[in-house]
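Asker: A predicted structure for the sequence below; I have some questions about it.
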Amino acid sequence: MCRHAAWLGPARPLTTLISDPEHGLLRQSYAPRMQRYGMVNADGFGFGWYDGDRPVRYRRTVPIWADANVPGLAAAARSSCLIAAVRSATAGMPIEETATAPFADGPWLLSHNGRVRREALRPIVAGPGDARGPESICDSAWLASAVFTRLRAGLALAGALTAVVRAAAEGDPEARLNLLVTAGSHLAAVAWGDTLFTHLEEGVLVASEPLDDRPGWRPVPGRSLLLASPDGVSVTPID
Ligand code: GLN
């Protein structure tokens, strides 16, 4: 499973997720501590932040440690909503930027840790020829497309994520569906088949595994949905 992380709170630089904490995503790209599927996350990386309401995204297919632009970019990119991901491609999935999180549409940025059979998603993604269909054959791009379609139709993050996770799990009971979506003013995450942690401070950190050894990291129970906004954080089971 890939590793991902997000921040919602007072404006911070992207180094908050990547290189400031001892076990940030830079370290997790070659030495994750809780990863059960895959050993390293060297098949690409991506991150996103918000310039006002507008998301800005950067993604590459090289390991995050191999991109000499990252330290400067991550220090300069500051916002109240941040997302970052490092990738360990699932066998058979292409290594290309369009298969790399974060996926983007409108105000939303999305990352996925896990895998799902694409056949299970066929009923819920737009078909070939639809301009809004998945941008890659990667399963994560299919999931992103299914979520974005529902968000564009007007569903809130909770409704869109719950609908897609339920449909995907029904079609593929072995699916691992840890999803993370930012919307600038709020974010949502699903724990389904892999670990997810939060750390509450003057905002909230969400991460596949703790970014450091400070006390206060809390596991999110499996099969649940986390919602974070300036009003607080809630976790609810997905039946
Ligand atoms: N299945 C996705 C991919 O191939 C995510 C992989 C992962 O979580 N390791 O990119």
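Answerer: On my side now, so go ahead.
Asker: Helix or strand: which one has residue 181?
Answerer: Element membership of residue 181 [criterion: DSSP states H and E] is strand 176-182.
Asker: That strand near the ligand at all?
Answerer: No. For strand 176-182, no contact with the ligand is found by C-beta under 6 Å from any ligand atom; the gap never falls below 7.3 Å. Heads up, the C-betas are built off the backbone N, CA and C, glycines and all.
Asker: can you give me how far that strand is from the chain middle?
Answerer: 5 Å (C-alpha atoms, centre = their mean, to the nearest Å).
Asker: Quick check: mean pLDDT of the next helix or strand along the chain from that strand?
Answerer: Tracing the chain C-terminally past strand 176-182 and defining elements by DSSP H and E, one meets strand 187-191 next. The average pLDDT within strand 187-191 is 98.
Asker: And the contacts of strand 187-191?
Answerer: Residues outside strand 187-191 that contact it (C-beta atoms under 8 Å, 6 or more residues apart in numbering): 6, 8, 81, 83, 157-158, 161, 165, 177-181, 196, 206, 220-228, 238.
Asker: The residue nearest in space to the middle of the chain: what's its closest spatial neighbour, skipping adjacent residues?
Answerer: With distances taken as C-alpha atoms, centre = their mean, residue 111 lies nearest the centre of the chain, 2.5 Å away. Distance criterion C-beta to C-beta, 6 or more residues apart in numbering; nearest residue to residue 111, sequence neighbours excluded, is residue 101 at 3.7 Å.
Asker: right, and the one you found touches residue 85 too?
Answerer: Yes. The criterion here is C-beta atoms under 8 Å, and residue 101 meets it with residue 85 at 4.1 Å.
Asker: what is in contact with those two at once?
Answerer: 2, 4, 46, 111.
Asker: Would you map the helices across this protein?
Answerer: For the chain, the helices defined by DSSP state H occupy 15-18, 25-30, 70-76, 118-121, 139-152, 157-171.
Asker: Could you point out which of those helices sits nearest the ligand?
Answerer: Nearest to the ligand, of all the helices of the chain, is helix 139-152, at 4.3 Å by C-beta to the nearest ligand atom.
Asker: tell me the angle of that closest one relative to strand 187-191?
Answerer: Interaxial angle of helix 139-152 relative to strand 187-191 (axes from the mean of the first three to the mean of the last three C-alpha atoms, to 10 degrees): 130 degrees.
Asker: which parts of helix 139-152 are buried?
Answerer: If you call a residue buried by 16 or more other C-beta atoms under 10 Å, then helix 139-152 has these buried ones: 139-151.
Asker: near the ligand, from the residues you listed?
Answerer: Among the buried residues of helix 139-152, proximity to the ligand is found for 139, 140 (C-beta under 6 Å from any ligand atom).
Asker: Mind putting the buried residues of helix 139-152 into JSON lines with pLDDT?
Answerer: Listed next are the buried residues of helix 139-152 as JSON lines, based on pLDDT from 0 to 100:
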{"residue": "139", "pLDDT": "97"}
{"residue": "140", "pLDDT": "98"}
{"residue": "141", "pLDDT": "97"}
{"residue": "142", "pLDDT": "96"}
{"residue": "143", "pLDDT": "97"}
{"residue": "144", "pLDDT": "97"}
{"residue": "145", "pLDDT": "96"}
{"residue": "146", "pLDDT": "96"}
{"residue": "147", "pLDDT": "97"}
{"residue": "148", "pLDDT": "96"}
{"residue": "149", "pLDDT": "94"}
{"residue": "150", "pLDDT": "95"}
{"residue": "151", "pLDDT": "96"}
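Asker: Quick check, residue 117 in contact with residue 172.
Answerer: Yes. Assessed by C-beta under 8 Å, residue 117 is found in contact with residue 172 at 4.4 Å.
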